[in-house]
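> coordinates only, no sequence provided:
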């Protein structure tokens, strides 16, 4: 565990008030803090023998409080929720009274009294909440210590969270609409610590303070890493000091070349303008922008990319399919009378009657309605995802990757590049047809503390481009993560016998079409066996059998799709490895290619079942720490020999032999 | 597959597995059996005795499979090898798995000893990486200590890999 609660060592080195290695930001400290925000020096720097005279408490690094909007914005939110509850309950009571036939005129004074009491109670509650917020504000602060970041919180139960700088995975910022207006955000600091680690959340941090904090944390992390790798502390501090303004050597020639290639013509889209306004305005208490390091590569989304991001998101696709199915169902029920007429005159008469009763137009209207609803939902989801990707920017800044997006709810994620576990190129079916893909980076995610939707979307890796042409992928990767240069190109395909096995696996064992057909058949058989074929029974049976046949047709389509998917999987799948990297592609209608460094493989294994042993194939699985609690990257049915040599490669120093 | 890892578990582990599985099977059996037995005692009906007989038969069959058939096979298939810098595990009867766990990825190593293992003088070693852990059940205490120390030592030399 990187984050633990423990008592801090008492023998802290004395701190000078200012670090000389950091450029001093010039912005006022409006949040009631005694001294201006001053980054503490690196521990390796020579400390002055005597504490500086202007520093009243030399033993304590400065305490940074969060922004005061923590008090009132939090109270307002709590108060609003309370008010809404009261309003709903009061309204229902009022309506109930009206429904009972009482008139307001009768007991107006009483009503006024009740309303007054409610208002008083509300004010009291909001006051209590505000008091509570104020108290917890007083006790919520963080200290950037020499070796670790400390977050103190709690009024009665004191809590202290330590984060050693070295363990910092990423520093993210999130801001809801209201928070954006006031220029504050929630900073969450991710650490790697197994499956039960939680992100350290610092709420209501002023925007510039957050930027400052991020720079500071990453610089200190870099320093800690450098010291651990055997650099002399002083030397490391100097190097980091230089680096916080300068491109890192690791960024490499590729990064520079990429900058040269793309500088000044980063693509823009319609939503960038409002996003830029947001950025410029920075909210009421935003503070001035802070220089957080040099950007070596940056890009946004073009109009087309933004539009297609919206168009091709999965919910939209599902909605379209549902709409078409709904329309088809309506159409089928419209056609039913005609069919029945052919099959059975008696049933036909019945259907004709019902058709006259309900009117044929109604059915057509139903079809139209379903289609319109689907279209509206689709449009909404397009707009929704376009807005959530509005103002999208991804850039490489020093040795970290920063992605920000969201027009209303703002999200900012900064990941240190050595914490990137894998590069994932994902092509959904639509993206594949168009020759585009979604590019994301796998990183270690903290277990979501609050399971809201935002956290869920975060845990699917860091999307660095939602919709990018395949041919542009190498360029983006070279700019964003030059460390991933040298990913293997030629890949070992799966064993030839895998095609047969894939057809069996996807068509029969996991075949959606087949099993759906079996379920329908069982249902049909049972109903045919148990329903007595008299008057009503005949009609019911007719419907069941017709429905079953439509179902069979659907199953046949699904079955064929399963088989086609199996063939596509066979053609498109393979794995590759070289000295430093491994790459696994899994094809099919959708295609996913994952590349990851050998260093990030925690362990690997092969797995065989009796059939695979007979066919002389094996499933290879590599496990990385990406995601929450790890991710397994799997390829089924690799040749036995290939799997064996892969296992040898996996052993320490096995890659040199290759 | 290629040659299996050299070491086998301590043969006493078979008895540990037997005791463990016997306890589990008995618990499950009692959970299924007792309600029907009470119902049959209160209000005897024909089908209840059929159910009771079926549950008892399943229990006996389960005992035979898990106590007589499986332990030797599982023991045969469970192999491990500690090389200088990685841990090699082969296990599984139907789904045979072969793990390679480089020690430089190991984050911590524990030895654990439950009451049953202690009675047999065994210990199990757990090797945890950042993405999951592996347990080697049933090593004699000396080997377990040695394994743990080795893993801990190698895990310290973390930055090796090229």
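Nice, I can see it. Computed from a prediction, not measured in an experiment: that's the story for all the values here. Numbering: from 1, shown residues only, chains lettered A, B, ... in the order given.
> list the buried ones in stretch A:615-628?
A:615, A:617-628 (16 or more other Cβ atoms under 10 Å in any protein chain shown). No exception for glycine: its C-beta is placed from N, CA and C like everyone else's.
> ditto for stretch B:81-98
Buried, per 16+ other Cβ under 10 Å, within stretch B:81-98: B:82, B:85-91, B:96-98.
> I'd say residue A:643 and residue A:606 touch.
Yes: between residue A:643 and residue A:606 a contact is recorded at 4.8 Å, counting by Cβ atoms under 8 Å.
> give me the common contacts of the two.
A:618, A:620 (Cβ atoms under 8 Å, 6 or more residues apart in numbering or on different chains).
> neighbour count winner among the two?
The neighbour comparison of residue A:643 against residue A:606 (other Cβ atoms under 10 Å in any protein chain shown) goes to residue A:643, with 29 against 24.
> which residues touch the more buried one?
A:606, A:617-618, A:620.
> what's the answer for residue A:444, then?
By Cβ under 8 Å, 6+ apart, the residues touching residue A:444 are A:169, A:190, A:192, A:419, A:421, A:625-627, B:130.
> next, whatever residue of chain A ends up closest to chain B: phi, psi?
Nearest to chain B, among the residues of chain A, is residue A:630, at 2.9 Å (Cβ to the nearest Cβ). Residue A:630 adopts backbone torsions of phi 110, psi 160, taken as degrees, to the nearest 10.
> ok, and for the longest helix belonging to chain B, which residues are buried?
In chain B, with assignment by DSSP state H, the single longest helix is helix B:13-42. Residues B:13-19, B:21, B:25, B:29, B:32-33, B:36-37, B:40 are the ones in helix B:13-42 that count as buried (16+ other Cβ under 10 Å).
> likewise for stretch A:540-552?
Quick answer for stretch A:540-552 (16+ other Cβ under 10 Å): A:541-542, A:544, A:548, A:551-552.
> residue ranges in chain B under the pLDDT threshold?
Within chain B, the segments meeting pLDDT under 70 span B:1-2, B:155-162.
> who touches the residue of it found nearest chain A in this structure?
Going by Cβ to the nearest Cβ, chain A is nearest to residue B:131 of chain B, at 2.9 Å. For residue B:131, the contacting residues are A:602-603, A:623-625, A:629-631, by Cβ under 8 Å, 6+ apart.
> coming back round to it: flag whichever of the contacts of residue A:444 scores worst on pLDDT.
Of all these, residue A:192 carries the smallest pLDDT score, 63.
> do stretch B:86-101 and chain A meet at all?
Yes: residues of stretch B:86-101 are located near chain A by Cβ under 8 Å from any Cβ of the partner chain, namely B:86, B:92, B:94-101.
> what's the span of that stretch, first residue to last?
Distance across stretch B:86-101, first residue to last, is 5 Å (Cα to Cα, to the nearest Å).
> circling back: within reach of chain B, which of the buried residues of stretch A:615-628 are there?
Near chain B, by the rule Cβ under 8 Å from any Cβ, you find A:618, A:623-625 out of those.
> so can I have a markdown table of the residues you listed showing distance to residue A:184 and secondary structure?
Shown next, in a markdown table, are those (distance: Cβ to Cβ, whole Å; DSSP: H, G, I helix; E, B strand; the rest coil):
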| residue | distance to residue A:184 | secondary structure |
| --- | --- | --- |
| A:618 | 53 | strand |
| A:623 | 39 | strand |
| A:624 | 35 | strand |
| A:625 | 32 | coil |
